[in-house]
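Chemist: structure for this input, please:
(chains A and B)
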Number of protein chains: 2
Amino acid sequence: MELAKRRGFFWPSYEIYGGVAGFYDLGPLGTRLKENIVELWRQHFIKRQQHVVVEIESPIIGPARVYEASGHLEHFTDPIVECLKCGRKFRADHLIEERLGIKAEGLSPEEMTRIIREHDIRCPVCGGPLSEVRRFNLLFRTTIGPYTQNTGFLRPETAQGMFVAFKRVYEVSRQRLPLGIAQVGRVARNEISPRQGIMRLREFTIAELEFFFDPEDPWHGGVLDELLDRLGDTKLRLLTADAKTRGDEKPVEYGVREAIEEGIITTPWLAYWMAIARDFVLDLGVGYNDMYFDEKLPEERAHYAAQTFDQLVRVSRLGWLEVSGHAYRTDYDLSRHMRYSGQDLRVFKPLREPRVVERKIVLVDPRWLGRTLRGKAKEVMEKIRGLDAETVEKELKERGYIEVDGVRIPADKVTIATKKEKITGRKFIPHVAEPSFGVERLLFVALDHAYTEKDGRVVLLLPRRIAPVKAAVFPLVRDERLVKIARETWWRLLEAGLYAIYDDDGSIGRRYARVDEIGVPVAVTVDYQTLEDGTVTLRDRDTWRQVRIPLSNVVEAVAAFVNDNALSLDAVAERLGLKGGK
Amino acid sequence: MELAKRRGFFWPSYEIYGGVAGFYDLGPLGTRLKENIVELWRQHFIKRQQHVVVEIESPIIGPARVYEASGHLEHFTDPIVECLKCGRKFRADHLIEERLGIKAEGLSPEEMTRIIREHDIRCPVCGGPLSEVRRFNLLFRTTIGPYTQNTGFLRPETAQGMFVAFKRVYEVSRQRLPLGIAQVGRVARNEISPRQGIMRLREFTIAELEFFFDPEDPWHGGVLDELLDRLGDTKLRLLTADAKTRGDEKPVEYGVREAIEEGIITTPWLAYWMAIARDFVLDLGVGYNDMYFDEKLPEERAHYAAQTFDQLVRVSRLGWLEVSGHAYRTDYDLSRHMRYSGQDLRVFKPLREPRVVERKIVLVDPRWLGRTLRGKAKEVMEKIRGLDAETVEKELKERGYIEVDGVRIPADKVTIATKKEKITGRKFIPHVAEPSFGVERLLFVALDHAYTEKDGRVVLLLPRRIAPVKAAVFPLVRDERLVKIARETWWRLLEAGLYAIYDDDGSIGRRYARVDEIGVPVAVTVDYQTLEDGTVTLRDRDTWRQVRIPLSNVVEAVAAFVNDNALSLDAVAERLGLKGGK
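Modeler: Modelled structure (predicted):
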């Protein structure tokens, strides 16, 4: 944390005004690191999945209707309790957990109030009595435009933007399933009293994918098979809800296909995206054994989820930290938006070949109906057409008549016939699997796993692809001839689109230390030999090994080195046909 | 607009709920295009300026104190008027402009009310009478946390995040000026009744740079000179406020240095960044004569600006559209935040060598003072030390005495002495030049300038670097052997990090048309000759010229072609040592 602040990765926002809990700035290095992490996420979740995933951008502010439909107005709450003496407010479940050491998540406000009364829990600040526990909605509220009744909310997830726009995205994407809609953007959650620094923010960035598929044919022909084949035999470490209920605490390793086939992950796309999430987090520099997927118990799940796994990563001091959630949202969201908007959000899936099916229909003797009902006959006839033949058959059997619109029709006037129908396809609401990442947490996790000390100082072993600064250029000493070459070299790196540092301040050892501390993968040093033979030194941050290469090859050597974490400087030199080593 | 919606560049948000004015979604192609535009902006404003510019990210939500300090709570308003009959609300200046054809921007609410009364302007919808005009604040308001008094606002510009964090960024950037702090992020402005589609949004993305410099030494030694030299003889088309006042309507061309030297642009850094803005917008595909900088008249400027130029681009049907603003914000913002936060936001600039200066000081005969004031003497002595010697001299000359704390001190008891002081540096508040871009407008402008029709269909001539999809791969017909090669080729492009389309649906002509319409720069076609000699066709979107190259070189050829707008396919083939042409 000290390094993060001192070197400009992140710090609390609004510091000069005393700060506001739950808000952090990303500094120059933090912003670069975040951008690289987002780019890596895009590589895994969008670029390599282009045939089934697109990216969109929707607004942060939304009208109230959207969050009524999504269920957030009703369900997106935390329990709050107020001190009746000093007026301070607290998260009730956290207060109970801190005081009694028992788990309070998922309890109702009434239950929490009862516990508080029973154990005489009081205000932790002034000792005053506490109010009843009530629900506090975590949506930031605002007003859109000049009419005060036009309430708007800041989105707590980017997901609703994808659900609301689903039909249009589906149309511009040539009306094919499966279809993933991804979004990277800011979200806001009005936490009651966030106290965990950058780990629990009131405003942060989410990288989210809503993946729409046919629940009756999730494999979509060969689409999923091809993707799973590409993965090879990826293993997932899972701690299932069942296992937790049995008291297990250790995750168990499953193959992705195995987890699907055994029904441990209830829908195959959730499993596929968990495997991609695994690879992505490994690429951030997290070890395989420092990560697993933890299935939420039913009472821990969000209101829209039928199954949820959290991806947990071990971080120093804090234990296991959730970096992503993987939720099977079923058709919950689209169904709700259909109901609230009155729009048909179903998709039509044509059959390869139209099929003729026999369907039972209900017929009633029309002459009898006309005689009995006269003017009302037409209307009742309409209703009869809409009846379900199975139900009618059952009623006739049980009661000997059916009743339509208050009219009793005896069994002998009713016929159940069969009719042939041509079916060209099927209309249905797609189901959704959602992987969702908190980007600031990924940033924290990447820094935490990169942090090492060597010879009494910090070296940040960030994977090269996400390192905020790719290279440093130093003249060995501040000699005008060396400075000139070093600055030209630095400028060539910039022109090639790389972030690079030029530094001629202090001893070369201090300069190496400064760039090691922020994880610069490679340093280029111009020295007196450069003046003689036109070569410079490249130094590897991780091994401190140095290799001499011609000045003219610096840009391509640096580019090759920083794009591939597995490549040594010697291998780079060899690949470029240069002799390496020193 | 039709193309934008049909092909998925953008569309109104929340369509299924009837839409909300001022909000747009970016679709799959729009999101890609926007990302490429932002990346190009970073290239111009950050990457190539790394030694003087860093990027940060700060929150959208801010506490009220920040927007009191920034002046937005007081000044960031539009005039609003309400119909007393139907309750509808309108922007008063727009209403007057529409009705009377006169300019109302900058008038006070009282003046507008008077005009409305004089001309009996009524509700344009129901004909009812109108209320008095009042100011409507455009900040979206919310509440941070569970305490209702903690008002927060959504930022209307990213700038305040940079001002508030300036001191810390300065510290982590080795305490050097000049220092640019850039940010790309969402902002929100609660427009009264936005009606211009994606051109006037309530929520949009800004790409902004706050550039801090020493107002007494803006050239900062050779820093600015080196940057201006790099630009060469860039010309800016300017329409100055003076020229407008004289009735001129045509911009005049100036060299960048000329505009600085003649004082047309009042601070050199504003001019430098306008030149960079010029180059950036040219790279979006806008012609030189379709762009100029329009100086705002004093009454049109924002409350913080001493001089402002808008960068205007000609767009079809709409005329001239503002895509960026270039404001000389002086020390307005930092001074205000100093006052409101009580923190010292000045920077200390050491002199190269400490300097000894003579300073005039005010002395008063201490014995006289002690005798006259006794216990109060010490206090008054303190105050005398703080007096400005020049002012004292003037007062003595005019009145023969000075008055301190109600004590009259006659001239003969006062001495003006000179004292030698060693000065090691100077403390001052940096001044700021700000280029600020609306990203969605850039996107619109890029699309508008790319839109062409050829042979009766649309071709989108987007500069290759910002094209959302870089390549398309087609099998000539749906022959299994061709499909296999085409899909492998497409997959290699994806693995290389390129966005690419695979398409085997319909005639090859229709497929070319589909990708021309969304601006895909190059199409790769696998045909029967491929099976014979392993070559494929590359087709240039702009010229429709085709070149055959070996299948094995497709990725490098496409990458080279899309990264350089000036390169022909023949030149690419030649560069790779392949024979081109067909």
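
Chemist: residues in contact with stretch A:451-465?
Modeler: Residues outside stretch A:451-465 that contact it (Cβ atoms under 8 Å, 6 or more residues apart in numbering or on different chains) are A:3, A:33, A:36, A:40, A:283-285, A:316, A:446-447, A:450, A:468, A:470, A:513, A:516-519, A:521, A:541-542, A:561-565. Heads up, the C-betas are built off the backbone N, CA and C, glycines and all.

Chemist: tell me the contacts of residue A:331?
Modeler: A:215, A:429, A:430, A:431, A:432.

Chemist: hmm, the last one is touching residue A:212, no?
Modeler: What that stands for is residue A:432. Yes. Using Cβ atoms under 8 Å, residue A:432 is in contact with residue A:212, at 5.7 Å.

Chemist: in the lowest-mean-pLDDT helix or strand in chain A, what counts as buried?
Modeler: None of the helices or strands of chain A scores lower by mean pLDDT, DSSP states H and E than helix A:377-385, at a mean of 82. With burial defined by 16 or more other Cβ atoms under 10 Å in any protein chain shown, the residues of helix A:377-385 counted as buried are A:377, A:380, A:381, A:384.

Chemist: just confirm the first one contacts residue A:367, I think it does.
Modeler: No. Taking Cβ under 8 Å as the definition, residue A:377 is not a contact partner of residue A:367, at 9.9 Å.

Chemist: for the residue lying closest to residue A:135 once chain neighbours are set aside, grab the count of nearby residues.
Modeler: Nearest residue to residue A:135 in three dimensions, chain neighbours excluded: residue A:77, at 3.9 Å (Cβ to Cβ, 6 or more residues apart in numbering or on different chains). The tally of other residues near residue A:77 (other Cβ atoms under 10 Å in any protein chain shown) stands at 15.

Chemist: before we move on, what about residue A:509?
Modeler: 8.

Chemist: check contacts around the most centrally placed residue in chain A.
Modeler: For chain A, the residue nearest the mean C-alpha position is residue A:436 (1.2 Å; Cα atoms, centre = their mean). Residue A:436 makes contacts with A:157, A:159, A:206, A:207, A:208, A:209, A:324, A:325, A:326, A:327, as judged by Cβ under 8 Å, 6+ apart.

Chemist: filter the residues you listed to the buried ones?
Modeler: Here, 16+ other Cβ under 10 Å leaves A:157, A:159, A:206, A:207, A:208, A:209, A:324, A:325, A:326, A:327 buried among the contacts of residue A:436.

Chemist: among those residues, name the ones in strands.
Modeler: A:206, A:207, A:208, A:209, A:324, A:325, A:326, A:327 (DSSP state E).

Chemist: which one of those residues sits closest to residue A:362?
Modeler: Comparing those against residue A:362 with Cβ to Cβ picks out residue A:327 as the nearest, at 41.8 Å.

Chemist: now the closest one: how far from residue A:204?
Modeler: 18 Å (Cβ to Cβ, to the nearest Å).

Chemist: and residue A:467, by the same measure?
Modeler: Taken as Cβ to Cβ, the span from residue A:467 to residue A:204 is 22 Å.

Chemist: what about the helices in the stretch 201-350 of chain A?
Modeler: Applying DSSP state H, counting those that start in this stretch to the stretch 201-350 of chain A gives helices spanning A:223-231, A:241-245, A:256-261, A:268-283, A:332-341.

Chemist: please work out which of those helices is packed deepest.
Modeler: Of all the helices of the stretch 201-350 of chain A, helix A:268-283 has the most neighbours on average by mean count of other Cβ atoms under 10 Å in any protein chain shown, namely a mean of 22.
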